[in-house]
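[1] the amino acid sequence is not available; the structure is as follows:
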């Protein structure tokens, strides 16, 4: 089959690789009909996530048709399914608590030591992301083996097109969980850093949950236009003092909740971010935390902080004093996709949530390297890339 493989920083290639096969009785093989490039994939592309090996198949947002299923799979050949990016067994302590992205059984034993050393506990398995998370082949390919296929995949009813439901694999439930983690209350003022795909879905979700006003912070004009189209007020951080503007827009007390949808590769020319960028380039610091620092400083006393943005290592110059002195609540984590799948599928089917507005480019899988390059370098125009194997 053909698949997109990693060969180093800014070097991805579509190559012929062996077809996947069933290994365990709960496995299924999916023929991919649509897959997408995620902002998290750019962290791999930029070489800032450890544990990615030459030849690894990338991609964790995908869907397709079942072509083969093991005897303990609940799927049947011919069914259309969206596959969550988190791999979850469904039966461990964490899965039973619906903390699916914290699954204890999906990361193979031989891959657990590295993440346990880095984070104190072994991480769960993720598709196409790193050997810290199991080294599973990803979905930017013609076919994918799906472990624990009786737990994760979402069967899609007839009448819904691929592009309406593809983002159930990651960014839509991630945006929804980001808003849920922010504890949205009726009439709240919510500030969202980053108008990439997750930030835009967080904006959409916060408004559905009853936020009185959502303030979107970015610097790309088209992304700010998309946020405005969803009903958000916008701040271009290159033109405005963000902290002053947020105080003014929140009646002088600060936003009730803030969402950092930027993560470890924050942009901007602030002194702390320039220092972080240099450290990241030479390997002395893993993460650029400017957006998170600003969010912690901006949120009101007693406010809530939600962090869907991906962080992989350490952040220094962290305003721990502000977090403590202001009495803030902080929630974060990889998304528990399976917790939200059916509710979000229903909302899509009823027309309450639209996901297709985000798609800017559709490419064949063979042009995936071009898609990655443009998604990184032309983020104003390339808001979301869907690949068709």
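    Here it is on my side, so go on. Note that the coordinates shown come from a computational prediction; the quantities given were computed from them, not determined experimentally.
[2] continuing past the helix or strand of the chain with the lowest mean pLDDT, what's the next helix or strand?
    Sorting the helices and strands of the chain by mean pLDDT, DSSP states H and E puts helix 271-282 at the bottom, at a mean of 52. Next in sequence after helix 271-282, counting helices and strands by DSSP states H and E, comes helix 290-298.
[3] and the helix or strand following that following helix, how far from the chain's centre?
    Next along the chain after helix 290-298, taking DSSP H and E as the criterion, comes strand 304-307. Centre-to-centre, strand 304-307 and its host chain are 15 Å apart (C-alpha atoms, centre = their mean, to the nearest Å).
[4] residues in contact with the spatially most central residue of the chain?
    Centroid check for the chain by C-alpha atoms, centre = their mean gives residue 171 as the closest residue, at 5.0 Å. With contacts taken as C-beta atoms under 8 Å, 6 or more residues apart in numbering, residue 171 has the following neighbours: 38, 61, 197, 198, 201. C-betas here are computed from N, CA, C, even on glycine.
[5] kindly recompute the last result at 6 Å.
    197, 198, 201 (C-beta atoms under 6 Å, 6 or more residues apart in numbering).
[6] just put those residues in CSV and tack on distance to residue 149.
    Putting the contacts of residue 171 into CSV (distance: C-beta to C-beta, whole Å) gives the following:
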residue, distance to residue 149
197, 26
198, 26
201, 25
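[7] out of those residues, which are buried?
    Among the contacts of residue 171, those buried by neighbour count (16 or more other C-beta atoms under 10 Å) are 197, 198, 201.
[8] which other helices and strands does the helix or strand where the second one lies contact?
    If you go by DSSP H and E, residue 198 is part of helix 197-208. In terms of contacts (3 or more C-beta pairs under 6 Å, 6 or more residues apart in numbering; DSSP states H and E), helix 197-208 is packed against helix 171-181, strand 189-193, strand 213-218, helix 221-230.
[9] angle of the longest one against strand 213-218?
    An angle of 120 degrees separates the directions of helix 171-181 and strand 213-218 when computed by axes from the mean of the first three to the mean of the last three C-alpha atoms, to 10 degrees.
[10] list the buried residues in helix 171-181.
    171, 172, 173, 174, 175, 176, 177, 178, 179, 180, 181.
[11] among those residues, which one sits closest to residue 337?
    When the buried residues of helix 171-181 are ranked by distance to residue 337 (C-beta to C-beta), residue 173 comes first, at 4.8 Å.
[12] picking up where we left off before, quick one: closest of the helices and strands packed on helix 197-208 to residue 74.
    helix 171-181 (20.2 Å).
[13] please state the offset of the closest one from the chain centre?
    9 Å.
[14] hang on, the earlier thing: wait, which of the buried residues of helix 171-181 is closest to residue 332?
    Distances from residue 332 to the buried residues of helix 171-181, taken by C-beta to C-beta, are shortest for residue 181, at 7.1 Å.
[15] list the contacts for that closest one?
    Residues near residue 181 by C-beta under 6 Å, 6+ apart: 306, 331.
[16] does residue 362 fall in a helix, a strand, or a coil region?
    strand (DSSP: H, G, I helix; E, B strand; the rest coil).
[17] verify the stated contact: it with residue 387.
    No. Counting by C-beta atoms under 6 Å, residue 362 does not reach residue 387; the two are 7.9 Å apart.
[18] neighbour count for those two, which is higher?
    Taking other C-beta atoms under 10 Å, residue 362 and residue 387 do not tie; residue 387 has more neighbours (27 against 15).
[19] on the three-state scheme, the more buried one is what?
    strand.
[20] check the offset of stretch 122-131 from the chain's centre.
    With C-alpha atoms, centre = their mean, you get 13 Å for stretch 122-131.
[21] show the end-to-end separation of it, please.
    Terminal residues of stretch 122-131 lie 11 Å apart, using C-alpha to C-alpha, to the nearest Å.
[22] so where's this structure uncertain?
    Within the chain, the stretches with pLDDT under 70 are 265-286.
[23] let's see that with 50 instead.
    269, 273-274, 279, 284 (pLDDT under 50).
[24] ok, how many other residues are close to the closest residue in space to residue 136 that isn't next to it in sequence?
    Leaving aside its chain neighbours, residue 136 sits nearest to residue 127 (5.2 Å; criterion: C-beta to C-beta, 6 or more residues apart in numbering). A count of nearby residues for residue 127, using other C-beta under 10 Å, gives 29.
[25] residue ranges for the strands of the stretch 1-150 of the chain, please.
    For the stretch 1-150 of the chain, the strands defined by DSSP state E, counting those that start in this stretch cover 2-6, 12-16, 28-37, 61-69, 80-83, 86-87, 125-126, 143-146.
[26] dump those to a markdown table, plus distance to residue 116.
    Formatted as a markdown table, the strands of the stretch 1-150 of the chain follow (distance: least, C-beta to C-beta, whole Å):
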| stretch | distance to residue 116 |
| --- | --- |
| strand 2-6 | 23 |
| strand 12-16 | 28 |
| strand 28-37 | 29 |
| strand 61-69 | 27 |
| strand 80-83 | 26 |
| strand 86-87 | 17 |
| strand 125-126 | 14 |
| strand 143-146 | 25 |
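[27] for residue 112, find the nearest of these.
    Among the strands of the stretch 1-150 of the chain, strand 125-126 sits nearest to residue 112 (C-beta to C-beta), with 10.1 Å.
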